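Chemist: the following block contains a protein sequence and its predicted model.
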Amino acid sequence: MANIDAYRKYVNDLKTQRKTSNNPTEYQDRDALINLLKSFPDIIVSNEAEKSEGEYGKPDIKITRNNGAVIVGYIETKPFNADLNSIINETSSDKHSVEQLKNYKKVYDNLILTNYNE
């Protein structure tokens, strides 16, 4: 299991981002999340953002184990404190995120949606 220092660093990194940016994007905090995830033993964390498959692409992060042979799951990131419930409940004004999540749920069995705070 990841140690408490990794969690503290993650929280501090997020706090630093809040101080340096008035308009955070989903990409700003991704390194902090990836570093936290990498603190867990025996998993491989891959930033999938550069790869594209169709209009909605792939989730942002892929987690694997056994040297990448076993897919543990995927993580889709949204901007810090984005309203995840409205995306999940399809009431968000961000229609792209709503459609993206609907499509991802059809393809990816183990998907986490995060705004880095939830």
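Modeler: Looks like it came in fine.
Chemist: what's downstream of the longest helix along the chain, the next helix or strand?
Modeler: Counting by DSSP state H, the longest helix found in the chain is helix 4-20. Where DSSP states H and E defines the elements, the next helix or strand beyond helix 4-20 is helix 30-38.
Chemist: ok, back up a step: buried residues in the longest helix of the chain?
Modeler: Ala6, Tyr10, Asp13, Leu14, Gln17 (16 or more other Cβ atoms under 10 Å). All C-beta atoms are positioned from the backbone trio N, CA, C, and that covers glycine.
Chemist: make TSV out of those residues and add distance to Leu111.
Modeler: Listed next are these as TSV, based on distance: Cβ to Cβ, whole Å:
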residue	distance to Leu111
Ala6	23
Tyr10	21
Asp13	24
Leu14	22
Gln17	24
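Chemist: closest one of these to Phe40?
Modeler: Ala6 (8.4 Å; Cβ to Cβ).
Chemist: enumerate every residue touching the closest one.
Modeler: Asn35, Leu36, Ser39 (Cβ atoms under 8 Å, 6 or more residues apart in numbering).
Chemist: separate out the buried members of these.
Modeler: Judged by 16+ other Cβ under 10 Å, buried ones among the contacts of Ala6: Leu36, Ser39.
Chemist: how about TSV for the contacts of Ala6, with pLDDT and distance to Asp83 added?
Modeler: Compiled in TSV, the contacts of Ala6 are given as follows (pLDDT from 0 to 100; distance: Cβ to Cβ, whole Å):
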residue	pLDDT	distance to Asp83
Asn35	93	25
Leu36	95	22
Ser39	93	28
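Chemist: out of the contacts of Ala6, which one sits closest to Gly73?
Modeler: Leu36 (15.0 Å).
Chemist: pLDDT score assigned to the residue nearest to the closest one when sequence neighbours are not counted?
Modeler: In this structure, Leu36 finds its nearest non-sequential neighbour in Tyr10, 4.2 Å apart by Cβ to Cβ, 6 or more residues apart in numbering. Confidence at Tyr10, expressed as pLDDT, is 95.
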